[in-house]
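Novice: Here is my input, please return the structure:
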Amino acid sequence: MFEKRRSSNIPILIMALLMLVAGFYIGKMLENKENKEVLKTVEAETEAGEKENAVVLKKDAVLIFRTKYNKCEHFKEKKENIKDVLVGVEEKKLKEYVKFNYPGWKVEKFSEKEVALYKEIDSYCDEHYEIGEENGNIVIYKYDANGKKEVVEKTQFSTTYLPQVDQEQIKAGIVVDSIEKVREILEDYAS
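Specialist: The predicted model follows:
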């Protein structure tokens, strides 16, 4: 008549264990959410502080173009006032602007009053001339600001009457720093 009922504590233990795991999981989720909110607040405050302290170009700022010519080791500088579209621009935006509007130039210096752009050219500057040869005659070239040489004069002076050493030098190109030096060399060849 009286039977002993089996009591099973296993379902109660499983239920307690599930509640413990669920509580731990919910706690971690809430902690992550709070951390993300704190990070967002800190990032927003940092950005606002950076914008307040950001260096921007003033209206009277100057743009300096510095060019180094590798073959003669000369530097040339050209200055101009900044364009109105650059007033109030930060360094990051200016670098993007330079990338698209001044290919090959790099921002070397940035301040509210001055921006220096730098570029190297593997040639000679516009102070140099070159004595060369074309169709057996001597040709005088002048280098431009971009390092390209342009014909200044095609002479009627033939290289065939010059010694072999001089002919080879002219074919390789004789670079000098003035038109006077070019005339001097041509006079030596004529005598």
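
Novice: hey, let's count contacts and neighbours off CA atoms from now on
Specialist: Will do.

Novice: can you list the domains in this protein?
Specialist: What automatic domain parsing lists as the domains of the chain is 62-121, 129-190.

Novice: mind checking how far the longest one is from the chain centre?
Specialist: Shown here is domain 129-190, whose average C-alpha point lies 36 Å from the average C-alpha point of the whole chain (C-alpha atoms, centre = their mean, to the nearest Å).

Novice: Report the contact partners of the residue nearest the centre of the chain.
Specialist: The residue lying closest to the centre of the chain (C-alpha atoms, centre = their mean) is Lys106, at 3.2 Å. Counting by C-alpha atoms under 8 Å, 6 or more residues apart in numbering, Lys106 touches 95, 98-99, 117-119.

Novice: For those residues, pick the one with the most neighbours.
Specialist: Leu117 (22 neighbours; other C-alpha atoms under 10 Å).

Novice: can you list the domains of the chain in JSON lines and add mean pLDDT and distance to Val21?
Specialist: Output for the domains of the chain, formatted as JSON lines (pLDDT from 0 to 100; distance: least, C-alpha to C-alpha, whole Å):
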{"stretch": "domain 62-121", "mean pLDDT": "94", "distance to Val21": "49"}
{"stretch": "domain 129-190", "mean pLDDT": "93", "distance to Val21": "72"}
